[in-house]
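A.B. asks: Need the 3D shape of this:
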Amino acid sequence: MSFDFKKEYKEFYMPKSVPSIVTVPKMNYIAVRGKGDPNDVNGEYKNSIGLLYGIAFTVKMSYKGDHKIDGYFDYVVPPLEGFWWQDGARYIDYAHKEDFNFISVIRLPDFVSKVDFDWAVREATKKKKQDFSRVEFLTYAEGVCVQCMHVGSYDDEPKTVALMHEHMKANGYESDITDKRLHHEIYLSDPRKCDINKLKTVVRHPIKKSERKQNNNMRELTAMKNIGTEMARKLRSVNINSAEDLTALGSKEAFSRLKTRYPDICLVFLYVLQGAIDNTDYNLLSKEIKADLKKFNDQFKK
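C.D. replies: Numbers count the residues shown, from 1 in each chain. Sure, this is the predicted structure:
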């Protein structure tokens, strides 16, 4: 079965329709930069999509040709994504799409190197007789973000963004949108085939700890369900010092840190961390969540 990023990394591609805080690791992308209204049929954005998929499928189908990529495995091409901004504006003004700047991207599997990417550009240029000079290999480390699944028209995203910012502030964070950290969207629906009211889009904003949130206002780890004194001690030893820290990192990243320092910890620790974040007894986690966490834990046995 083909590796599907959406299924294997649900925390990044399939969030709930309520806001959550997530730490997004460094990823490599096929990228095309441009400017203008994405709805312009002859605009740069429409052109960028064809360029992205031209390279994406050249990489995916490389195993059929002479160029062999070390570590290659079959996979589903990840969804289209976009980073958006407007000059001189901190947030997106949906009423002035003509002012949009964008970096349109598709994620690359980790086994694709810059050398492999450059080969794919040459190969696509030769076979498709098309100019792919605008396409670049982009490495981007997104870091701590607030995100939410938006369902509906793109023009209605401000309502979802408002909920995200409420959640952000309630958890001691503030927006960190800059010229380097951008408004991010992941498109899970094809607008040509999907009812506009059912479009699914992951909306993500970079955040940072609020300068107005003092440390003494942070919740103690032991205030969380399942977290006792010894567990709190272990968490603090890997620089997870508050309930907010644990929630922002997520159970998997926190467990990875703990596993590095305490190799003997077992799957139950991972359940405990997830239960603490979800404010539920770890024994009451759903079968689906436990299965996902067990799969994550199994990688440490290799």
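
A.B. asks: Can you verify Ile207 is assigned to a strand?
C.D. replies: Yes: Ile207 forms part of a strand when assessed by DSSP: H, G, I helix; E, B strand; the rest coil.

A.B. asks: and Ser48, how many residues sit next to it?
C.D. replies: Ser48 is flanked by 23 other residues according to other C-beta atoms under 10 Å. C-beta coordinates here come from the backbone N, C-alpha and C atoms, glycine included.

A.B. asks: list the contacts for it?
C.D. replies: For Ser48, the contact set (C-beta atoms under 8 Å, 6 or more residues apart in numbering) comprises 32, 34, 102, 104, 134.

A.B. asks: Please give the element, helix or strand, for it.
C.D. replies: Using DSSP states H and E, Ser48 maps to helix 44-60.

A.B. asks: Which positions in that helix come out as buried?
C.D. replies: Neighbour-count burial for helix 44-60 flags 44-46, 48-49, 51-56, 58-60 (criterion: 16 or more other C-beta atoms under 10 Å).

A.B. asks: want to throw the residues you listed into CSV with distance to Ser251?
C.D. replies: Formatted as CSV, the buried residues of helix 44-60 follow (distance: C-beta to C-beta, whole Å):
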residue, distance to Ser251
Glu44, 40
Tyr45, 37
Lys46, 40
Ser48, 36
Ile49, 35
Leu51, 38
Leu52, 33
Tyr53, 34
Gly54, 38
Ile55, 35
Ala56, 31
Thr58, 37
Val59, 32
Lys60, 32
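
A.B. asks: Out of those residues, which is nearest to Thr160?
C.D. replies: For the buried residues of helix 44-60, the closest approach to Thr160 (C-beta to C-beta) belongs to Tyr45, at 21.2 Å.

A.B. asks: Can you give me every residue that contacts that closest one?
C.D. replies: Here Tyr45 is in contact with 34, 36-38, 100, 102, 104 (C-beta under 8 Å, 6+ apart).

A.B. asks: one more time with 10 Å
C.D. replies: By C-beta atoms under 10 Å, 6 or more residues apart in numbering, Tyr45 lies in contact with 32, 34-39, 82, 97, 100, 102, 104.
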